[in-house]
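Provided below are the primary sequence and the corresponding predicted coordinates.
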Amino acid sequence: MLQIRTFQTELPFQYPFTITKGTKTHQKALVVALGFGPFLGWGEAPEISYYPETVASMNESLKQSFAVTSRYSLIDPQRFWHFLHHQFPEQHFLIAALDIAGWDLYAQLKRKPLYEMLGLANPGKLPCDYTLGIDTPALMVEKLKAHPAPVYKVKLAKPAEIDLLRTLRTVTDKPFRVDVNEGWNYEDTLKLLPELQALGVVLLEQPLAKDQWEEMVALKAQSAIPLFADEACVEEEDVARCAAAYHGINIKLTKCGGITPALRMIEAARQLQMKVMLGSMNESVIGTAALAHLAPLADFLDLDGPLLLTQANAQGLTYDADGFVSLGTRPGIGVQVVPTFLKPFS
């Protein structure tokens with residue numbers, strides 16, 4: 001039988017984190033441990049305000065299905081995902097946490113790191129962006145200077161906030177990725193494209209609302225900057241629809257339901273000649289380490305979740321002073337959890 005334990009974490013951000021959809025000072029998450037003998041596999045799913053699942057609801061769903069889930073024989077992580085997919089319909093976040101834990105446990109049992117289990121090369125030293133949440137110009141410059149990185153992801157909400165980008169460009173020559181989280185309209189985006197390009201923006205993420213497909217198709221035809229889908233690409237069935245409207249997709253393990261569907265989404269994107277970004281939902285070391293193992297399959301990486309937080313609930317990722325990240329050498333996803341930051345459910 002699988003041993004199943006659940007925990008909750010609430011890790012503080014270094015700075016209040018503001019995007020189009022609001023501000024938060026702490027990141028709540030469900031952490032799941034799947035055990036077999038002396039081995040423990042770890043998974044994580046954060047709570048995101050604009051998605052329906054909460055830490056409490058995920059834990060309650062798993063609690064109600066505990067007897068059935070614990071009897072599952074983990075002989076193949078992909079089959080385990082299909083079991084979870086039917087056991088917890090439409091609960092992508094919970095499935096993601098369990099799927100990640102399942103892969104971690106399975107790879108540990110095989111005494112291999114996850115990337116090797118997936119037939120991938122050691123990712124090595126990975127370039128990591130640093131995300132600048134919306135703030136005053138002075139504070140955004142302060143954040144940038146405090147966190148050297150090979151590329152910066154800049155959150156913007158209103159078209160007028162391009163002034164923030166102009167200010168940041170005066171203090172760095174590093175590339176920018178701009179993420180609007182559905183905050184702009186077609187006319188404003190089209191008008192801003194030339195200046196975004198001039199300011200060194202190499203990627204524009206979800207500028208329009210996720211249901212504005214016709215406008216995005218028109219925008220793609222006129223944009224020299226690669227346009228990436230985030231909110232418009234949640235699960236596997238969304239990939240094909242995004243091909244006409246975006247140059248690439250942002251795949252997030254929590255959003256899509258874990259490692260298993262992420263692998264299929266990457267394959268589908270490649271067949272459609274789309275670019276792939278592996279993205280963050282402010283996961284801690286646990287969720288970010290799982291994502292890092294898939295790095296050889298991606299064009300762009302967003303692995304800065306732990307950098308935005310002031311506490312680490314696990315060891316297993318090493319960030320250097322230049323903004324590059326490396327995996328550890330342990331089997332599975334390679335994390336060693338710090339129990340101090342895990343609060344069991346009562």
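That came through fine.

So which residue is dead centre in this structure?
The centroid of the chain falls nearest to S280 when counting by Cα atoms, centre = their mean (2.2 Å).

if I look at it, how far off is L253?
Taking Cβ to Cβ, to the nearest Å as the measure, S280 falls 9 Å from L253. Every C-beta, even on glycine, is put in place using the N, C-alpha and C of the backbone.

Quickly list what's touching both of those two.
Common contact partners of S280 and L253 (Cβ atoms under 8 Å, 6 or more residues apart in numbering): L291.

Would you mind naming the residues that bridge with L327?
Beta-bridge partners recorded for L327 (DSSP bridges): L317.

That one: neighbouring residues, count only.
23 (other Cβ atoms under 10 Å).

Now do the contacts for it.
P113, Y115, N122, P123, A289, A292, H293, G316, L317, G334.

G323 and L126 touch, don't they?
No. Here G323 lies out of contact with L126, judged by Cβ atoms under 8 Å, at a distance of 9.9 Å.

so where's the stretch 151-300 of the chain uncertain?
Of all residues in the stretch 151-300 of the chain, none has pLDDT under 70.

all helices for it, in order.
Counting by DSSP state H, counting those that start in this stretch, the stretch 151-300 of the chain has helices at residues 162-169, 186-198, 213-222, 236-242, 253-256, 259-271, 285-292.

Can you say which of those helices is nearest to Y72?
Smallest distance to Y72 across the helices of the stretch 151-300 of the chain (Cβ to Cβ): 14.3 Å, for helix 259-271.

Can you tell me what sits against the closest one?
Contacts for helix 259-271 (Cβ under 8 Å, 6+ apart): 77-78, 81, 99-100, 103, 114, 118, 233, 235-236, 239-240, 248-249, 251, 253, 256, 275-276, 278, 290, 294, 297-298.

Show the buried residues in these.
77-78, 81, 99-100, 103, 114, 118, 233, 239, 248-249, 251, 253, 256, 275-276, 278, 290, 294, 297-298 (16 or more other Cβ atoms under 10 Å).

and these, which of them are in strands?
G248, I249, I251, K275, V276, L278 (DSSP state E).

What is the end-to-end distance of stretch 295-309?
22 Å (Cα to Cα, to the nearest Å).

Quick check: buried residues in it?
For stretch 295-309, using 16+ other Cβ under 10 Å, the buried residues are 295, 297-298, 300-309.

Now flag whichever of those is closest to A146.
L307 (10.5 Å).

before we move on, the earlier item: surely the residue nearest to the centre of the chain is in contact with T254?
No. Here S280 does not reach T254: they are 9.0 Å apart, not a contact under Cβ under 8 Å.

I'd like to know how many residues surround L2.
Neighbours around L2, by other Cβ under 10 Å: 19.

My guess is it contacts A67. True?
No. Counting by Cβ under 8 Å, L2 sits too far from A67 to count as a contact (11.0 Å).

Domains in the protein, by residue range?
3-112, 126-337 (automatic domain parsing).

mind giving me TSV with those domains and columns for distance to F345?
Output for the domains of the chain, formatted as TSV (distance: least, Cβ to Cβ, whole Å):
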stretch	distance to F345
domain 3-112	6
domain 126-337	16
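
Select, out of the ones you listed, the one closest to P344.
Judging the domains of the chain by Cβ to Cβ, what sits closest to P344 is domain 3-112, at 5.7 Å.

and the end-to-end length of the closest one?
21 Å.

Ok, stretch 129-140 next?
Stretch 129-140: ends 15 Å apart by Cα to Cα.

could you say what helices and strands the longest helix anywhere in the chain packs with?
Ranked by number of residues, the top helix in the chain under DSSP state H is helix 92-109. In terms of contacts (3 or more Cβ pairs under 8 Å, 6 or more residues apart in numbering; DSSP states H and E), helix 92-109 is packed against strand 22-36, strand 39-46, helix 55-64, helix 77-87, helix 114-117, helix 253-256, helix 259-271, helix 285-292.

Give me the contact list for the third one.
In this structure, residues lying in contact with helix 55-64 by Cβ under 8 Å, 6+ apart are 4, 6, 8, 28-30, 32, 45, 47, 69, 88, 91, 93-94, 97-98, 345.

Who are the contact partners of the residue nearest to the centre of the chain?
T131, K252, T288, L291, D302, L303, D304, G305.

again with L301
L301 touches L126, P127, C128, D129, M277, L278, A292, A295, counting by Cβ under 8 Å, 6+ apart.

my guess is the second one contacts F324, does it?
So the one you mean is P127. Yes. P127 is within contact range of F324, at 5.8 Å (criterion: Cβ under 8 Å).

what residues do the two have in common as contacts?
What both P127 and F324 touch, as defined by Cβ under 8 Å, 6+ apart, is the set P150.

about what we covered before: tell me the two of the contacts of S280 that are most distant?
Pairwise over these, using Cβ to Cβ, the maximum falls at T131 and L291, 14.4 Å.

just to revisit the earlier point, pull the CA atoms of the longest helix of the chain into CSV?
Backbone C-alpha positions of helix 92-109 (Å, rounded to 0.1, in the frame of the first residue of the first chain) are rendered in CSV as follows:
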residue,chain,number,x,y,z
HIS,A,92,-5.6,19.5,-12.0
PHE,A,93,-3.8,20.9,-9.1
LEU,A,94,-4.3,17.9,-6.8
ILE,A,95,-3.5,15.5,-9.6
ALA,A,96,-0.3,17.4,-10.3
ALA,A,97,0.9,17.1,-6.7
LEU,A,98,0.2,13.4,-6.6
ASP,A,99,1.7,12.8,-10.1
ILE,A,100,4.9,14.6,-9.2
ALA,A,101,5.1,12.6,-5.9
GLY,A,102,4.5,9.4,-7.9
TRP,A,103,7.3,10.1,-10.4
ASP,A,104,9.6,11.1,-7.5
LEU,A,105,8.9,7.9,-5.6
TYR,A,106,9.1,5.7,-8.7
ALA,A,107,12.5,7.1,-9.8
GLN,A,108,13.8,6.7,-6.2
LEU,A,109,12.8,3.1,-6.3
